[in-house]
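Visitor: Let's see this in three dimensions:
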Amino acid sequence: MKVCLVSAPAAAPAPAAAPAASAADGTPVSAPMPGTILDVKCKAGDSVTKGQVLFVLEAMKMENDIVAPEDGTVLAVNTTKGSSVNPGDALAVLG
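Guide: All right, here's what the predicted structure looks like:
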């Protein structure tokens with residue numbers, strides 16, 4: 001009886017992810033308190049104005065709008081709807 005071993009084809013390597021923008025690249029938009037992100041109202045590449053709502057954060061059973069601190073472009077969004085965040089977590093980076 002002859003036994004042949006056939007190996008599975010190697011999976012193609014995953015493409016390298018684009019480096020995420022960091023606070024050093026622009027202005028971070030941080031969570032002011034612990035809570036859960038209820039809504040994300042921006043995406044990378046969006047132009048925003050000072051005071052524009054970027055996220056809705058639920059904390060202590062209240063909804064809090066997290067707004068853009070300045071005019072600019074969203075370089076990165078670092079959270080998703082339903083995510084838990086802590087105070088100081090960078091939710092987005094503006095440039």
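
Visitor: contacts and neighbour counts: CA atoms only from here.
Guide: Will do.

Visitor: separation between the residue nearest the centre of the chain and M62?
Guide: The centre of the chain sits closest to N78, judged by CA atoms, centre = their mean, with a distance of 1.8 Å. As judged by CA to CA, to the nearest Å, N78 and M62 stand 22 Å apart.

Visitor: For this structure, which segments count as strands?
Guide: Read by DSSP state E, the chain holds these strands, from start to end of the chain: 27-30, 35-40, 47-48, 53-59, 62-67, 72-77, 84-85, 90-94.

Visitor: Dump those into a markdown table; add mean neighbour count as well.
Guide: What follows is the strands of the chain, written out as a markdown table (neighbours: other CA atoms under 10 Å):
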| stretch | mean neighbour count |
| --- | --- |
| strand 27-30 | 22 |
| strand 35-40 | 20 |
| strand 47-48 | 16 |
| strand 53-59 | 21 |
| strand 62-67 | 16 |
| strand 72-77 | 22 |
| strand 84-85 | 18 |
| strand 90-94 | 23 |
